[in-house]
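In: Just to be clear, the model below is a prediction. Sequence and coordinates:
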Amino acid sequence: MARLNRYFVVNQPQHVIQRGNNRAPIFADAQDYQFYKECLFDACKQHSLAIHA
């Protein structure tokens, strides 16, 4: 069964969690983490979003 849609409230911060399947690590080394940060920052810039933490 598919997950239900999440609530979205305009101008309300969202709590986002990133983790692997079965909570497995998603970063094998520092390069993986750096690549993830670059992609995240690019997406935030493209969609006019802010990262607070």
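Out: Okay, I see it.

In: can you map out the helices along this structure?
Out: 30-46 (DSSP state H).

In: what residue ranges in it are flagged as low confidence?
Out: The model of the chain has no residue with pLDDT under 70.

In: again, only using 80
Out: Scanning the chain for pLDDT under 80 picks out 1-2.

In: Specify the residue positioned farthest from the middle of it.
Out: Residue farthest from the centre of the chain, counting by Cα atoms, centre = their mean, is Met1 at 23.1 Å.

In: ok, that one - contacts?
Out: By Cβ atoms under 8 Å, 6 or more residues apart in numbering, no residues touch Met1. Every C-beta, even on glycine, is put in place using the N, C-alpha and C of the backbone.

In: That one and Asn22: what is the separation?
Out: According to Cβ to Cβ, to the nearest Å, Met1 and Asn22 sit 19 Å apart.

In: And Gln46, by the same measure?
Out: From Gln46 to Asn22 the distance is 31 Å (Cβ to Cβ).

In: Cool, thanks, talk later.
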